[in-house]
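Engineer: dropping the sequence and predicted coords here.
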Amino acid sequence: MKVFLWYVFPVLIVLTLCVANIVASAQAVNMGERLHDLNVKQAVLRQEQRELDSTLASTLSLHKLRDEALAQGYQPIGTVAFVSSAKPVAMR
């Protein structure tokens, strides 16, 4: 019986280590997939942040420019007049 245990015990240890290895490998693959998904989401969020920053900067700069122009006395244009090249604008 003692000889039998000398053969069974190492086999059980090897089988336990194989099962543990398979479980650890499956967990590593799962974590790799989650990490990839998070990296994709992070890239999308960073792109959206850049777009929002750009939109905000352009909106604020136009608003600021308008406010500064009005503060200096400029008035908004009511109508636009176009000059035709057929009619002389100035004479010598």
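Structural biologist: Ah, there it is.
Engineer: which stretches of this protein form helices?
Structural biologist: 2-71 (DSSP state H).
Engineer: low-confidence stretches in this structure?
Structural biologist: 1, 3, 87-92 (pLDDT under 70).
Engineer: center of the chain, which residue is that?
Structural biologist: The centroid of the chain falls nearest to Arg46 when counting by CA atoms, centre = their mean (2.4 Å).
Engineer: tell me the spacing between that residue and Leu52.
Structural biologist: 11 Å (CB to CB, to the nearest Å). Yep, even glycine has a C-beta here, placed from its N, CA and C like the rest.
Engineer: and Gly73, by the same measure?
Structural biologist: Separation of Gly73 from Leu52 (CB to CB): 34 Å.
Engineer: equivalent analysis for Val8, please.
Structural biologist: Counting by CB to CB, the gap from Val8 to Leu52 is 65 Å.
Engineer: same question for Phe9.
Structural biologist: Phe9 is 63 Å from Leu52, by CB to CB.
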